[in-house]
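>>> Got a sequence here, can you build the structure:
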Amino acid sequence: MSKTRALLLCGVVGPPIFIVTFLIEGATRPGYSWYRNYVSSLATGDGGWVQIANFLVWGALAIAFAIGVVRVGLVVPGILFSLYGAGLLVAGVFVTDPGLGYPPGAPPEHTTHGMIHGLAGLGVFTLNAVAAFVVARHFFRDHRSRAFAIYSLATGLVIVALFIASTAVSVQDELGNLPNGPTGLLQRISIIAGWIWIAAFAYRLWRDESARASALPSLAFRT
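Just a heads-up that it's a prediction; the model follows:
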């Protein structure tokens, strides 16, 4: 396997690893509600190291994938994915604050490291959506790739809508206006939609790289 294909493969395997890990953790962690709590909250409390490692592993794989994307000539999305990966690494290093009843018995906090985590998370979701829009714009130019273009556009819109919705629900929950709101559920749908799109895009590039002599001219972005 070529180095480029190995780098692209990082984008194929990274999202499922991240998703499966937080789904298992969320379903088995005592006191944690997958319906109410953010995925990031799994990095707090007992066993928090698992989600921290999850952030760091996917962050490193995302940056490797970004290098592969640049190597096949897709410079703009490659830059976006490198920043996305960096955001995941920051989110792993700077753990979120306790909140929405987790860890059990821990009072809500607002610390500097929690704020940094929040900004990193905002960056990650924003970059995921922007990357989807950029890829959609490119593929709309090729009638053979319209289906993937529509998929990319829809994914970007879903990420934006559900990120805003989960944030709004979280704020209302903290204020007591919407106790036990579906913050975690909304965020999970957003993550799964965005991360799986990355894996699909990575697989498309990985597949086409094996026939790059004919495929890359139609896939390369103009830079």
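>>> what's near enough to touch P179?
P179 sits next to D173 when contact means Cβ atoms under 8 Å, 6 or more residues apart in numbering. Every C-beta, even on glycine, is put in place using the N, C-alpha and C of the backbone.
>>> which SS class is it?
State at P179, reduced to three classes by DSSP: H, G, I helix; E, B strand; the rest coil: coil.
>>> How much space separates it from S33?
12 Å (Cβ to Cβ, to the nearest Å).
>>> got it, and V169?
Relative to S33, and taking Cβ to Cβ, V169 is found at 13 Å.
>>> Looking at the two, which is more packed in?
V169 (21 against 17; other Cβ atoms under 10 Å).
>>> buried set for the helix or strand where L186 lies?
Element membership for L186, per DSSP states H and E: helix 183-209. Going by neighbour count (16 or more other Cβ atoms under 10 Å), the buried part of helix 183-209 is 183-195, 197-202, 204-206, 208-209.
>>> center of this protein, which residue is that?
The centroid of the chain falls nearest to W195 when counting by Cα atoms, centre = their mean (4.9 Å).
>>> Name the SS class of the closest residue to I192 other than its chain neighbours, please.
Take I192 and drop its neighbours on the chain: the residue closest to it by Cβ to Cβ, 6 or more residues apart in numbering is I19, 5.9 Å away. Here I19 is recorded as helix under three-state DSSP.
>>> name the helices or strands packed onto the helix or strand containing S170?
Taking DSSP H and E as the definition, S170 sits inside helix 146-174. When contacts are defined as 3 or more Cβ pairs under 8 Å, 6 or more residues apart in numbering; DSSP states H and E, helix 146-174 sits against helix 112-139, helix 183-209.
>>> count of residues packed around L42?
25.
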